[in-house]
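*Asks:* got a predicted model here, sequence first, then my questions.
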Amino acid sequence: MNQQEILKTHKKISESLSNRQLKDSFNTLDLLLHSLQIWSFSETKIELENTYKLMLQYTVEGVQDPERRVIYNKLIASVYALADNAKDALLLRDSNNFEYQQIRMYNSSNPITSEKLY
């Protein structure tokens, strides 16, 4: 995926979320995550999608949940965050923009060692 495709896909996800079209945003998010191939991002998306499916199931079954609106809003915020993180990771990996080249150069010259972690 090139930079233009990444940004276009991210914009489509954001527009779907703005219109509260979670199903569409999940489908489009798959495009970013497929290109990225980072397991933790895909796992997070699966968890969010399962939460959404359970919400739909409970709604169809007529279960009254006073926290439904709060959970739904948190779900949308989480999908926004995941899409942003995926976009940033893809751009960091694939973009030729000066900003991302500098970040890559910094990261390669300052690797994280176990001594820095502790």
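*Replies:* Received, thanks. Numbering: from 1, shown residues only.

*Asks:* which outside residues touch stretch 23-34?
*Replies:* For stretch 23-34, contacts defined as C-beta atoms under 8 Å, 6 or more residues apart in numbering pick out 1, 6, 9-10, 12-13, 16-17, 41-42, 45, 48-49, 52, 79, 82-83, 86-87, 90. Every C-beta, even on glycine, is put in place using the N, C-alpha and C of the backbone.

*Asks:* low pLDDT regions in the chain?
*Replies:* 111-118 (pLDDT under 70).

*Asks:* please, where are all the helices along the chain?
*Replies:* 3-18, 22-36, 39-60, 68-94, 98-109, 114-117 (DSSP state H).

*Asks:* single out the most deeply packed of the ones you listed.
*Replies:* Of all those, helix 22-36 carries the top mean neighbour count, a mean of 19, counting by mean count of other C-beta atoms under 10 Å.

*Asks:* show me the contacts for L92.
*Replies:* Neighbour list for L92: 100, 103-104 [criterion: C-beta under 8 Å, 6+ apart].

*Asks:* tabulate the residues you listed (TSV), appending distance to D65.
*Replies:* Shown next, in TSV, are those (distance: C-beta to C-beta, whole Å):
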residue	distance to D65
Y100	42
I103	42
R104	45
